[in-house]
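Q: Sharing a model that was predicted from the sequence below.
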There are 2 protein chains.
Amino acid sequence: MKIATWNVNSIRTRKPQVKEWLMVQDIDILCVQETKVTDEEFPKDDFEQIGYNCYFYGQKSYNGVAILSRNNLECFYGFSGIINGEKSSKMDEQKRLMAARGDIILVNVYVPNGNSVDSEKYHYKLEWLASLREYLKVLKEKYGENIIICGDFNIAPEDIDIYNPQGKENHIMASPKERNALKEIVDLGFIDAFRKFRKEGNYFTWWDYRQNGFARNRGWRIDHIYVTPVVAEKILDCYIDINPRKVERPSDHAPVICEL
Amino acid sequence: MKIATWNVNSIRTRKPQVKEWLMVQDIDILCVQETKVTDEEFPKDDFEQIGYNCYFYGQKSYNGVAILSRNNLECFYGFSGIINGEKSSKMDEQKRLMAARGDIILVNVYVPNGNSVDSEKYHYKLEWLASLREYLKVLKEKYGENIIICGDFNIAPEDIDIYNPQGKENHIMASPKERNALKEIVDLGFIDAFRKFRKEGNYFTWWDYRQNGFARNRGWRIDHIYVTPVVAEKILDCYIDINPRKVERPSDHAPVICEL
DNA sequence: GCTCGTGCGG
DNA sequence: CCGCACGAGC
């Protein structure tokens, strides 16, 4: 079974590439981020035609997540319902989180980018990550130890996850506060599935469109799949497929695949 | 020898289709309208690479004409220089007219659309056509009887040039004043090259992008090639190639070709 | 660079 | 419906 995560940077624009990739890679479940489309406008027919059920939680222009799955899934959307209160419903104004319940709980996240260190958006990112931690704590209590969290975290956990980590201490996606917020999530009891199989650097999932980032391999590993130890035992492999980043009109992100 | 006219609706967007078509059709001279590009930004290298000299007269976003020619040409741009005064230099603010001098004078025009009957733009269209008439009168006096005028006239000369002429009396591109302004130009001594070979209706050069105009064949014949009688004698054929209207990302216009 | 929305022009 | 410009977000 193959579960994947991919920030597609507009599901409408990337529709042909995503369809092609799903078929070639024989993916069972794909968690998508940055769909940039309202639920009314989600191009579900295209994916249903190739055998995928579509679950989506989107908005106009920005953010938006979706899960495309060969099997039917029971999905829930946003923080609300799991963690409640004014703050979580405020957080749900941006559509960045959904989950599916099957044998395993699968959480699909699009963590805020944060713009630049200490900006208003940076503080929102930290708050959002704190909410995610609360959310995952409840999920663990509620549904037990079979959890996968995947998505675009907009954080490179370690220096080896950046093409050139020098001078990135104060860079968005690498700053200590972000890394710590992510660590506090991981410390709830998750394992970086990719790092279970590959310990070395030079593996990236995102390259800036600008300044030929991909051609120069100026990449960052910011898309992750985190799993509970019980799930970790079942994983056969976890890897990045950079081929979709090479095609015409690519997303700036490459998908990450987990086989189990 | 093949001379053609084609409103490409952005030379940058249509570059691949135009290059492909020039080669397949073995065109010697192509008059282009609606290039929508400044002279600095005209993609001349692409056409030079396939053996065409580029002569262009454009502006940002709107209008713009060009001549692509296998042989070198001597070109002149706008009304000014042929007809002078405040009005013609005012008219030249919109880049809609250029000409080439060889054995034959070739005039390339993009007549204003006119928006709707009696609008401000409609009156501008009529004025522009009056200026064109003055311009052509001078050209005839100056250079004699070897003249070809081609381009997007935004006028269907007769009812048979419209898919459904009923109720189009007050429609832009069919109203009596426009048709009369065109007739006054033709009456300077020009022949509709297309009509020399095809007398019947159901021949169109433009189909609205909206409401699936092409699929429903809701077309208009508004792109024309007019020639002096001396030239008319040398023409072997004149026809519309609708194939470029069938491809992916087509212009809303099809090219018209004249063989001589 | 490459998305998107908005607004204009056709 | 499909071009363009512009501004925003990443």
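A: It's in.
Q: what's the longest helix in chain A?
A: helix A:120-143 (DSSP state H).
Q: Check which helices and strands that helix is in contact with.
A: Judged by 3 or more C-beta pairs under 8 Å, 6 or more residues apart in numbering or on different chains; DSSP states H and E, helix A:120-143 is in contact with helix A:86-91, strand A:97-101, strand A:105-110, strand A:147-152, helix A:176-186. Backbone N, C-alpha and C define where each C-beta goes, glycine included.
Q: And for A:L188, the neighbour number?
A: The tally of other residues near A:L188 (other C-beta atoms under 10 Å in any protein chain shown) stands at 15.
Q: Return the backbone torsion pair for it.
A: For A:L188, the backbone dihedrals (degrees, to the nearest 10) come out as phi -70, psi -20.
Q: got the contact list for it?
A: A:133, A:136-137, A:140 (C-beta atoms under 8 Å, 6 or more residues apart in numbering or on different chains).
Q: In CSV, list those along with neighbour count.
A: As requested, those are exported to CSV (neighbours: other C-beta atoms under 10 Å in any protein chain shown):
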residue, neighbour count
A:R133, 18
A:L136, 24
A:K137, 15
A:K140, 17
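Q: quick one on the thing from earlier: neighbouring contacts of the longest helix of chain A?
A: A:79, A:82-83, A:87-88, A:91, A:96-97, A:99, A:101, A:105, A:107, A:109, A:111-116, A:147, A:149, A:154, A:172, A:175, A:177-178, A:181-182, A:184-185, A:188-189, A:228.
Q: what about burial for the residues you listed, which qualify?
A: A:79, A:82-83, A:88, A:91, A:96-97, A:99, A:105, A:107, A:109, A:111-112, A:114, A:147, A:149, A:154, A:172, A:175, A:178, A:181-182, A:185, A:189, A:228 (16 or more other C-beta atoms under 10 Å in any protein chain shown).
Q: From the residues you listed, list the ones also adjacent to DNA strand D.
A: A:112, A:154 (C-beta under 7 Å from any atom of the strand).
Q: show me what contacts the residue in chain A positioned nearest to DNA strand D?
A: Nearest to DNA strand D, among the residues of chain A, is A:N113, at 3.6 Å (C-beta to the nearest atom of the strand). A:N113 sits next to A:121, A:125, A:154, A:172-173 when contact means C-beta under 8 Å, 6+ apart.
Q: swap in A:M23?
A: A:I50.
Q: mind checking how far the worst-scoring helix or strand of chain A on mean pLDDT is from the chain centre?
A: When the helices and strands of chain A are scored by mean pLDDT, DSSP states H and E, helix A:86-91 comes last with a mean of 91. In terms of C-alpha atoms, centre = their mean, to the nearest Å, the centre of helix A:86-91 is set 21 Å apart from its chain centre.
Q: which bits of the stretch 51-200 of chain A sit near DNA strand C?
A: A:60-61.
Q: Any residues of the stretch 51-200 of chain A in contact with DNA strand D? List them.
A: A:62, A:112-113, A:115, A:121, A:154.
Q: cutoff 10 Å now
A: Taking C-beta under 10 Å from any atom of the strand, the part of the stretch 51-200 of chain A that reaches DNA strand D is made up of A:61-63, A:94, A:110, A:112-116, A:119-121, A:124-125, A:152, A:154, A:172-173.
Q: now A:C75: how far from DNA strand C?
A: 23 Å (C-beta to the nearest atom of the strand, to the nearest Å).
Q: Tell me the secondary structure at that residue.
A: strand (DSSP: H, G, I helix; E, B strand; the rest coil).
Q: Now render the helices and strands packed on helix A:120-143 as a markdown table, adding distance to B:N9.
A: A markdown table is the format used below for the helices and strands packed on helix A:120-143 (distance: least, C-beta to C-beta, whole Å):
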| stretch | distance to B:N9 |
| --- | --- |
| helix A:86-91 | 45 |
| strand A:97-101 | 41 |
| strand A:105-110 | 37 |
| strand A:147-152 | 37 |
| helix A:176-186 | 47 |
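Q: and those, which one is worst for confidence?
A: Among those, helix A:86-91 carries the lowest mean pLDDT, at a mean of 91.
Q: Determine the set of other helices and strands touching that one.
A: helix A:120-143.
Q: Flag every buried residue along the helix it packs on.
A: Going by 16+ other C-beta under 10 Å, helix A:120-143 has these buried residues: A:122, A:124-126, A:128-129, A:131-136, A:139-140.
Q: So what sits opposite the residue minimising distance to the centre of chain A in the bridge?
A: In chain A, the centroid-proximal residue (C-alpha atoms, centre = their mean) is A:G151; its distance is 0.8 Å. Beta-bridge pairing for A:G151 (DSSP bridges): A:V109, A:H224.
Q: What residues does it make contact with?
A: A:5, A:7, A:31, A:33, A:65, A:107-111, A:223-224.
Q: measure A:H171 to A:A99 for me?
A: 30 Å (C-beta to C-beta, to the nearest Å).
Q: farthest pair in the contacts of A:L188?
A: The span of these, defined through C-beta to C-beta, is set by A:R133 and A:K140 at 10.7 Å.
Q: which residues does the residue of the stretch 51-200 of chain A found nearest DNA strand C contact?
A: Nearest residue of the stretch 51-200 of chain A to DNA strand C: A:S61, at 3.9 Å (C-beta to the nearest atom of the strand). Counting by C-beta under 8 Å, 6+ apart, A:S61 touches A:K36.
Q: my read is it is in a helix, agree?
A: No - using three-state DSSP, the secondary structure at A:S61 is coil, not a helix.
Q: Present the contacts of A:N113 as JSON lines; the columns should include distance to A:F197.
A: Shown next, in JSON lines, are these (distance: C-beta to C-beta, whole Å):
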{"residue": "A:K121", "distance to A:F197": "33"}
{"residue": "A:K125", "distance to A:F197": "28"}
{"residue": "A:N154", "distance to A:F197": "23"}
{"residue": "A:I172", "distance to A:F197": "28"}
{"residue": "A:M173", "distance to A:F197": "23"}
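Q: burial of A:E169, as a residue count?
A: A:E169: 11 neighbours (other C-beta under 10 Å).
Q: A:P176 is in contact with that one, correct?
A: Yes - applying C-beta atoms under 8 Å as the test, A:E169 and A:P176 come out as touching, 7.2 Å apart.
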